[in-house]
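S.K.: Pasting a predicted model and its sequence here:
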Amino acid sequence: MHQIVFLDRDTIPHQITLPRPAFAHHWQEYPATSSAQIVERLQQATIAITNKVVLNADTLRQLPQLKMIAIAATGTNNVDLDYCRAHGIVVSNIRGYATGSVPEHVIAMLFALRRNLFAYHKDIQAGVWQEKKQFCFFSHPIGDVAGSTLGVIGSGSLGQAVAKLASALGMKVVFAERKGAATCRDGYLPFEQVLQTADAITLHCPLSDETTHLIAAPELAHMKPGSLLINTGRGGLVNEQDLVEALRSGHLGGAGCDVFTQEPAGASNPLLANADLPNLLLTPHVAWGADSAIQALAHQLIDNLEGFVAGRPQHCV
């Protein structure tokens with residue numbers, strides 16, 4: 001009988017139905033798990049489920065019974081994949097479940113920033129309308145989304161879905177080739193060219209050694225003046241302090257961030273510390289979080305477990 005332990009069940013809202021596997025098993029779930037609790041809780045586990053709990057090599061060496069790690073998310077940077085491959089631990093992740101939710105969040109941020117909705121909301125709260133004594137006032141620029149160019153970095157299912165939605169809104173969509181690539185694949189433009197010409201950039205690539213601080217001061221300086229940066233990928237893709245400085249200098253028109261280098265972000269995080277900027281829109285890693293998307297995730301998670309037990313592992317990384 002398989003011993004299944006879900007280390008951070010509270011990462012899935014409790015209104016979401018989480019099915020139980022059809023095979024014989026014992027199920028144990030915890031709302032959250034600290035690093036000090038992992039080994040004790042997984043000591044007898046054959047299958048571990050984690051969304052964001054880190055399973056590194058030092059921890060995994062102490063878990064000889066573990067046969068599978070099911071990541072309840074797409075990102076895999078919280079699991080030591082090299083150790084798992086070397087020791088025969090199957091690792092699966094979730095794919096394609098938020099291709100409606102994330103693109104809508106990206107477009108919502110795009111509209112809010114391009115039309116300066118939150119800046120106007122703050123002005124109304126501050127009494128600017130009464131001061132102007134007019135039926136309307138224009139304290140911030142308002143731009144059109146239709147007719148502008150969206151640069152997409154990362155051409156997986158989410159990047160493609162965002163591109164489809166943006167095209168339907170009348171945007172021109174361009175895909176960026178990998179940073180530093182000597183040649184461009186068909187359908188892609190050089191990374192630097194996309195930075196220089198796009199009116200908005202949206203990030204949809206995984207976080208790795210190669211993509212950490214993919215966007216930092218040099219890249220921000222090359223972005224088109226007044227352009228927008230939207231990050232619903234991973235917080236580490238962007239140097240947060242450099243982004244704040246680009247916003248404060250007026251070079252960037254705005255930024256929308258749903259992900260942070262550390263989550264939850266502390267008060268000293270550059271983005272949180274500058275959350276009062278009128279052109280900075282922050283959300284707490286919820287772009288993926290439509291109920292329909294999370295329900296699809298839950299079903300796929302259990303499908304991954306059942307495929308492994310049946311000898312047909314799927315979504316392996």
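M.R.: On my side now, so go ahead. Numbers count the residues shown, from 1 in each chain.
S.K.: Closest to the centroid, which residue in this protein?
M.R.: Centroid-nearest residue in the chain: Gly233, 3.0 Å away (criterion: CA atoms, centre = their mean).
S.K.: For that residue, which non-adjacent residue is closest in space?
M.R.: Closest residue in space to Gly233, ignoring its immediate chain neighbours: Leu203 at 4.3 Å, by CB to CB, 6 or more residues apart in numbering. For every residue, glycine as well, the C-beta is placed using N, CA and C.
S.K.: for the residue nearest to the centre of the chain, helix, strand, or coil?
M.R.: coil (DSSP: H, G, I helix; E, B strand; the rest coil).
S.K.: That one against Val259, yeah?
M.R.: Yes - shown here, Gly233 and Val259 form a contact pair, counting by CB atoms under 8 Å, at 6.4 Å.
S.K.: Name the surrounding residues that touch stretch 306-317.
M.R.: 2, 21-23, 47, 67-68, 70-71, 76, 81, 90-95, 300, 303-304 (CB atoms under 8 Å, 6 or more residues apart in numbering).
S.K.: which of the residues you listed are buried?
M.R.: Neighbour-count burial (16 or more other CB atoms under 10 Å) applied to the contacts of stretch 306-317 gives 2, 21, 47, 67-68, 70-71, 76, 90-95, 300, 303-304.
S.K.: Mind checking which of the residues you listed are in strands?
M.R.: Among the buried ones among the contacts of stretch 306-317, the residues falling in strands (DSSP state E) are 2, 47, 68, 70-71, 90-92.
S.K.: residues contacting Thr149?
M.R.: 171-174, 197-200.
S.K.: which two in those residues are spaced the farthest apart?
M.R.: Across these, the two members that end up farthest from each other (CB to CB) are Met171 and Thr197, 13.1 Å apart.
S.K.: neighbour count winner among these two?
M.R.: Met171 (23 against 15; other CB atoms under 10 Å).
S.K.: what about the nearest residue to Pro278 once chain neighbours are set aside, how many neighbours?
M.R.: Excluding the flanking residues, the one nearest Pro278 by CB to CB, 6+ apart is Ala119, at 3.6 Å. Residues contacting Ala119 under the criterion other CB under 10 Å number 21.
S.K.: What strand or helix carries Ala119?
M.R.: helix 117-125 (DSSP states H and E).
S.K.: what about Cys136, neighbour count?
M.R.: Residues within reach of Cys136, counting by other CB under 10 Å, total 7.
S.K.: before we move on, the earlier item: how close does the residue nearest to Gly233 sit to Ala255?
M.R.: For Leu203, the distance to Ala255 (CB to CB, to the nearest Å) stands at 11 Å.
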